[in-house]
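Undergrad: Need the 3D shape of this:
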Amino acid sequence: MDLEIVSIGNEVLEGHTVNTNAAFLGRELSRLGYRVARHTVLPDRVDAIEKGLKEAMSRSSLVIATGGLGPTIDDLTTRAVRPLFEEGIELKNEIGTAPGLFYPGLILLPGPPREMERMFLEEALPLILEQFALAEPVRHRKSCGLCLLKEVEVDPFLRDLQKEEPHVEIGIYPSQGSLLLEFSGSKKSDLNKLAQRVKERFPTFYFEESHIALAVQKEFIARKKKLAAAESCTGGAIAAKLTAIPDSSLYFLGSLVVYSNQWKEHFLQVSRSTLDHSGAVSRKAVDEMVKGLFHETEADFAVAVSGIAGPSGGTRDKPVGTICIAIGERGHKTDIGILQAPKDRASAIDWTVQTTLGALWRRLAHQAYTFS
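TA: Numbering: from 1, shown residues only. As a prediction, this is how the structure comes out:
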């Protein structure tokens, strides 16, 4: 059976809001074996909503719509649906004001993500599993990650695997600094075998967790090690990524956001000579930042980053996107690299975070030096 996800709202159409609702529903439904055939976005107009939902229902077995529900004037979706149905099953909203509705072939959910996710999982999903039970065998999924590798470096190997196992679907999803691989098929043993092949081919880049920050946490806690960070160009984004995961306090001591040269010198003892002659974006600077962290904390591992995220500030020798990363382990040589990140500021910051965590994980899990 085909499912369609419909998102309602001008803010989504106009790009003011990222469509996380569709992403969440797609992941959850696909994980259970349902096939999501289409994502559709409709404007905040009753006529457009009514027409769009009619079209969606004509081509899909089940349509799940989010947005446009409300207790007052903004309840456009319910108004649009009234001519199509007599009544539906009300879905309780435990944390908001707008209830959802379950009609034959159509589910209406609120737009705010927290409300939508809870209502879907607690109210709508049990009805979906009951009324739209899958006739075909359940497809299993197996995911794994590869840090610090590009899609072109992995794709030829995956193509060979696909020839060996044509009945297994293989997906590769690149992001800044890492890749997510997903295998799906009817036999778990086939998926595990393919994941093991990937691990054997890329042993020091392979991790089981859903993202690299979680892999870092798992490894640190298992080894009972502590981590400290010093961030310049990322402005605390490394710390934010790590502390978004529960129990990060079991290993992560904290991060110093030493954005200015004065703070690098004052809090981490980066020498004035280094800052004047080599600059804040240099091997010497990040090396001294790591040493400063070891001096000031009891951390077993330390990371330091400094760079030019842009859009201005670049020079001929150090263009926008120049990033210095240092991965340190107490008592060992520091692994330092000067790399070129994307020139877009947000992308450069995200890339730096992911690359730093990938290099840190390789050092911790495999004693591998990424840069030197």
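
Undergrad: What ranges in the stretch 251-372 of the chain fall below the confidence cut-off?
TA: Within the stretch 251-372 of the chain, no range satisfies pLDDT under 70.

Undergrad: typed the wrong thing, it's the stretch 101-250 of the chain
TA: For the stretch 101-250 of the chain, the ranges with pLDDT under 70 are 136-138.

Undergrad: tell me which residues of stretch 22-37 are tucked away?
TA: Buried positions in stretch 22-37, judged by neighbour count with 16 or more other Cβ atoms under 10 Å: 22, 24-26, 28-30, 34, 36. Every residue, glycine included, has its C-beta placed from N, CA and C.

Undergrad: Met289 - how many residues pack around it?
TA: Neighbour count for Met289, taken as other Cβ atoms under 10 Å: 31.

Undergrad: which residues sit in contact with it?
TA: 230, 258, 264, 268, 270, 304, 306, 326 (Cβ atoms under 8 Å, 6 or more residues apart in numbering).

Undergrad: Neighbouring strands - and their directions - for whichever strand or helix holds the last one?
TA: Going back to what we said before, that points to Ala326. Under the criterion of DSSP states H and E, Ala326 resides in strand 322-329. Here strand 322-329 has these sheet partners by DSSP bridges: strand 301-307 (antiparallel), strand 335-340 (antiparallel).

Undergrad: contacts for it?
TA: Contacts for strand 322-329 (Cβ under 8 Å, 6+ apart): 233, 281-283, 285-287, 289-291, 293-294, 300-308, 314, 334-341, 348, 351-352, 355-356, 359-360, 363, 370-371.

Undergrad: Go ahead and build a ChimeraX selection from the buried members of these.
TA: Buried residues within the contacts of strand 322-329, by 16+ other Cβ under 10 Å, are selected in ChimeraX with:
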select :233,281,282,283,285,286,287,289,290,291,293,294,300,301,302,303,304,305,306,307,308,314,334,335,336,337,339,341,348,351,352,355,356,359,360,363,370,371
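
Undergrad: between the strands paired with strand 322-329, which gets nearest to Pro166?
TA: Closest approach to Pro166 among those is made by strand 335-340 (38.0 Å; Cβ to Cβ).

Undergrad: picking up where we left off before, send me the strand holding Ala326 as CSV with only the CA atoms.
TA: C-alpha atoms of strand 322-329 as CSV (Å, rounded to 0.1, in the frame of the first residue of the first chain):
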residue,chain,number,x,y,z
THR,A,322,40.5,27.2,6.3
ILE,A,323,40.1,25.1,9.4
CYS,A,324,42.7,23.9,11.9
ILE,A,325,41.7,20.8,14.0
ALA,A,326,43.8,19.2,16.8
ILE,A,327,43.0,15.9,18.5
GLY,A,328,45.0,15.3,21.6
GLU,A,329,45.4,12.4,24.0
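
Undergrad: before we move on, back to that, I'd like the contacts of Met289 as TSV, with distance to Glu153 appended.
TA: Listed next are the contacts of Met289 as TSV, based on distance: Cβ to Cβ, whole Å:
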residue	distance to Glu153
Ala230	30
Val258	34
Lys264	35
Leu268	35
Val270	35
Ala304	27
Ser306	27
Ala326	24
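
Undergrad: most neighbours, which of those residues?
TA: Using other Cβ under 10 Å as the neighbour criterion, Ala304 leads these with 33 neighbours.

Undergrad: Could you check how far that one is from Gln176?
TA: Using Cβ to Cβ, to the nearest Å, we find Ala304 at a distance of 19 Å from Gln176.

Undergrad: and if you look at Ile8?
TA: Separation of Ile8 from Gln176 (Cβ to Cβ): 31 Å.

Undergrad: ok, these two, which is more surrounded?
TA: More neighbours surround Ile8 than the other of Ile8 and Gln176, with 27 against 16 (other Cβ under 10 Å).

Undergrad: And that one, its phi and psi?
TA: phi -120, psi 130 (degrees, to the nearest 10).

Undergrad: likewise the one 3 residues further on?
TA: Note on Glu11: backbone dihedrals following degrees, to the nearest 10 are phi -60, psi -30.

Undergrad: contacting residues around it?
TA: Contacts of Glu11 (Cβ under 8 Å, 6+ apart): Thr17.
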